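Asker: Generate a structure from the sequence data that follows.
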Amino acid sequence: VEEYAMSSEDIEISKQIQSLAESCLEVDKSFDQNLSNILRFAEHESNAIKFVSLKALQSIFTYFLKKKTFSPNDNPRNRKKKKGTVDKSLILKSRYVTYISILEEYLSFQDDLIQETSMKSLMKFVKIISKSKNVPMFDEVLFRSVVGHLVCNENMSTHLLSVFNEYLLAFDDVKYFTLDTLRWILFKACGKNLSDKNIAKSEFASSLPVIDKSVFATNIFLVLHSIRLPKNSKSLENFFIPLPEIEAPTLKTSKRKRKREQSYNNEELCSLNSYKKIFTSCWVSFLSLENLNQDIHLSVLETLHNTILPNINEPLLLLDFLVDSYDIGGITSLLALDGLFVLMTVHNLDYPEFYPRLYKLLNMDIINQNPEHQARFFNLTQKFLKSSYLPNYMVAAFIKKWARLALYSPPGTIIKVLSLIYNLLIRHSTAHVLVHRVSDYDGELFINQNTLLESDPFDFSEMDIEKTNAIDSSLWELLILGNHYVSRVSGIVSAFKNSLGQVYMNLEESEDYSYEKLFELEVDRKAKLGTPLAFIEPERFFMKDQYSSWSI
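Answerer: Just a heads-up that it's a prediction; the model follows:
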């Protein structure tokens, strides 16, 4: 085994396993003992021996399944056995169950190769058993158990998920039955009341390992998030188990009997609506789970409008999740509003609390986040306020809140805020009055910020957007920022004073204005004239009576 460094003892055991495997293919009295010995080696402490044993067992059971010596879904006791012969079918059925249990257990084993071998072996048997039936059909029993042990896995690795995704992304029937399995697992986890028929379908979930709830939720998310549905039903053409041709029912195989043999039909596997129905059920159940951590919340919200909303039948079912996510605060709240905005603009959701909730989010903490979240915050806010149908008082309130926050922000954030305000004023001409009122202070050399604060009708602390009185205020904050020590800030302020044109400021261009970046710009900036040191050239170091209050 090239993947493992084998000791001399491991090499001897490997040869013994190969010899036992070869003898198992012959009918003799030691058949059961040989097969049992290989199963014991499969639980050996050496990973190399485990690997060799699993491969040997895979070859043995593949050989007998293809010869139809036994079937996992049949009862071998009903078979007639010749006198004096070994009941190979009964032995194989019993040892096969043990082997499958080992494979499922090894899905959580802390070794990538053992996990990969176990997953590929299980999927191989799903295919073999499915094709061995009278009418080839997907073997739901084994596959449900595989998916169940995958998500109820304390040691879910990126490698194991990538191995499973090779099947999940390539085959449409694997997607369908993965979603169907997750649906019943989630129903069980959420404690939903099920009918007697559905209780029987979800019975397998009761035998799955019990793991930490947060780990379980993460595993479910990783699998659900990997599923990509096609755009239309015509694209549903790649199947792990080729669909059988529909034949007219005969006397031997009636339509009712064929329906009993499978819980699905070809129409479901070829209908995109069937996938979307289960997809919707899975996501709605998953988002109602307790113990969804912050990372999962963020991941769901970040991909909501790209991978989830386009593929569910009833997007409005996510309203409760989005409203609850808003209450978490910070960037999670903003992303929740982004989801609500999609429901409002695309799916006709009537949600009058949207803009009041957005206004309540504006504070120093949320605008001074890490660069990635800050950029997203400004871009989303600009998108939310793009509509020209917003009332004047609302636009004015957002502009004034931004301007006031800018007074206490670092230069990089001020540049973004001023760019955003400039773009809002271009879109909403009725808010220009806020700039026009600033001219009342023109010509004043010294502007007292405290005086302006006291005379400003805008109530910064008011959370009710209708009661802020922003429409009666002015953007006097621009006068303060126009004297900022960073030239880039004062340069943007001058754009307000000249005229508001039709060219929007690019928020992306103002994203990288950290203190380090601003320092580099100032150092590299070339001055057109020499730097003045005094406005009157002195005749001597200290002029007579120039500093009468000094005593040296």
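Asker: Every contact and neighbour count from this point should use C-alpha atoms.
Answerer: OK.
Asker: roughly how far apart are residue 323 and residue 287?
Answerer: 12 Å (Cα to Cα, to the nearest Å).
Asker: How much space separates residue 54 from residue 343?
Answerer: As judged by Cα to Cα, residue 54 and residue 343 stand 50 Å apart.
Asker: Compute the distance between the closest residue in space to residue 384 that isn't next to it in sequence and residue 508, please.
Answerer: Leaving out its chain neighbours, the residue that sits closest to residue 384 by Cα to Cα, 6 or more residues apart in numbering is residue 341, at 7.4 Å. Separation of residue 341 from residue 508 (Cα to Cα): 22 Å.
Asker: neighbour count winner among those two?
Answerer: residue 341 (21 against 11; other Cα atoms under 10 Å).
Asker: Now tell me what touches the helix or strand hosting the more buried one from outside.
Answerer: Here residue 341 sits within helix 330-346, counting by DSSP states H and E. For helix 330-346, contacts defined as Cα atoms under 8 Å, 6 or more residues apart in numbering pick out 297-298, 301-302, 304-305, 315-316, 319, 322-323, 325-327, 349-351, 354, 358, 361, 365-366, 373, 377, 380, 384.
Asker: can you check stretch 396-415 too?
Answerer: Contacts of stretch 396-415 (Cα under 8 Å, 6+ apart): 359, 362-364, 367-368, 417-418, 421, 424, 431, 434, 458, 460, 465, 468-471, 474-475, 477-478, 480-481, 486, 488-489, 492, 510-515.
Asker: Buried subset of the residues you listed, written for PyMOL?
Answerer: PyMOL command restricting the contacts of stretch 396-415 to the buried ones, with burial defined by 16 or more other Cα atoms under 10 Å:
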select buried, resi 359+362+367+417+418+421+424+431+434+458+460+465+468+469+470+471+474+475+477+478+481+486+488+489+492+510+511+512+513
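Asker: Residue 521: how many residues sit nearby?
Answerer: When neighbours are counted by other Cα under 10 Å, residue 521 registers 14.
Asker: Just the helices from the stretch 401-550 of the chain, written as ranges.
Answerer: Assigned by DSSP state H, counting those that start in this stretch, the stretch 401-550 of the chain shows helices spanning 411-427, 433-436, 449-455, 477-481, 487-498, 515-524.
Asker: Listing request: residues of the stretch 201-350 of the chain with sub-threshold pLDDT.
Answerer: Flagging of the stretch 201-350 of the chain using pLDDT under 70 yields the residue ranges 201-202, 245-265.
Asker: quick one: the residue positioned nearest the centre of the chain and residue 224, what's the gap?
Answerer: Centroid-nearest residue in the chain, with Cα atoms, centre = their mean: residue 299, separated by 3.6 Å. Note on residue 299: its distance to residue 224, by Cα to Cα, is 12 Å.
Asker: what does residue 383 give?
Answerer: Counting by Cα to Cα - residue 383 and residue 224 are separated by 29 Å.
Asker: residues of whatever helix or strand residue 105 lives in that come out buried?
Answerer: Assessed by DSSP H and E, residue 105 sits inside helix 88-106. Residues of helix 88-106 classed as buried by neighbour count (16+ other Cα under 10 Å): 88-93, 95-96, 99-100, 102-106.
Asker: Show me what it is packed against.
Answerer: Identification of packing neighbours for helix 88-106 by 3 or more Cα pairs under 8 Å, 6 or more residues apart in numbering; DSSP states H and E yields helix 31-41, helix 47-66, helix 112-131, helix 140-151.
Asker: right, and the ones you listed - which one's nearest residue 15?
Answerer: Smallest distance to residue 15 across those (Cα to Cα): 9.6 Å, for helix 47-66.
Asker: got the angle for the closest one vs helix 112-131?
Answerer: Computed with axes from the mean of the first three to the mean of the last three Cα atoms, to 10 degrees, the direction of helix 47-66 lies at 10 degrees from that of helix 112-131.
Asker: wait, what's in contact with the nearest residue to residue 71 once chain neighbours are set aside?
Answerer: Among residues not flanking residue 71 along the chain, residue 65 sits closest, at 6.7 Å (Cα to Cα, 6+ apart). By Cα under 8 Å, 6+ apart, residue 65 lies in contact with 71, 128, 129, 132.
Asker: could you check the distance from residue 65 over to residue 127?
Answerer: Distance, residue 65 to residue 127, using Cα to Cα: 11 Å.
Asker: Could you measure from residue 95 over to residue 38?
Answerer: Residue 95 sits 10 Å away from residue 38, going by Cα to Cα.
Asker: next SSE after the helix or strand of the chain with the lowest mean pLDDT?
Answerer: In the chain, the helix or strand scored least confidently by mean pLDDT, DSSP states H and E is helix 255-261, which has a mean of 47. Later in the chain than helix 255-261, the nearest helix or strand by DSSP H and E is helix 266-269.
Asker: Could you give the number of residues near residue 408?
Answerer: By other Cα under 10 Å, the residues close to residue 408 number 11.
Asker: can you check residue 15 too?
Answerer: 12.
Asker: could you give the angle of the host helix or strand of it to helix 31-41?
Answerer: Residue 15 is located in helix 8-24, with elements delineated by DSSP H and E. Helix 8-24 runs at 150 degrees relative to helix 31-41, counting by the same axes, to 10 degrees.
Asker: Need the contact partners of helix 8-24.
Answerer: Contacts with helix 8-24, where a contact means Cα under 8 Å, 6+ apart, come from 31, 34-35, 38, 41, 46, 48-49, 52-53, 56-57, 60.
Asker: Buried members of the residues you listed into PyMOL, please.
Answerer: The buried residues among those can be selected in PyMOL (16+ other Cα under 10 Å) with this line:
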select buried, resi 31+34+35+38+41+48+49+52+53+56+57+60
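Asker: now, among the contacts of helix 8-24, which is nearest to residue 208?
Answerer: When these are compared against residue 208 (criterion: Cα to Cα), the nearest one is residue 57, at 23.6 Å.
Asker: pLDDT score for the closest one?
Answerer: With respect to pLDDT, residue 57 has a value of 95.
Asker: Do I have it right that it meets residue 40?
Answerer: No - in this structure, residue 57 is not within contact of residue 40 by Cα atoms under 8 Å, at 11.1 Å.
Asker: Please give the element, helix or strand, for residue 159.
Answerer: Here residue 159 sits within helix 158-168, counting by DSSP H and E.
Asker: Pull out the CA atoms of that helix and give them to me as CSV.
Answerer: This file holds the C-alpha atoms of helix 158-168, laid out as CSV (Å, rounded to 0.1, in the frame of the first residue of the first chain):
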residue,chain,number,x,y,z
THR,A,158,-13.2,18.9,3.8
HIS,A,159,-11.8,15.9,2.0
LEU,A,160,-14.7,13.6,2.8
LEU,A,161,-17.2,16.3,1.7
SER,A,162,-15.3,16.8,-1.6
VAL,A,163,-15.5,13.0,-2.2
PHE,A,164,-19.2,13.0,-1.7
ASN,A,165,-19.6,16.1,-3.8
GLU,A,166,-18.2,14.3,-6.7
TYR,A,167,-21.4,12.3,-6.8
LEU,A,168,-23.7,15.1,-5.6
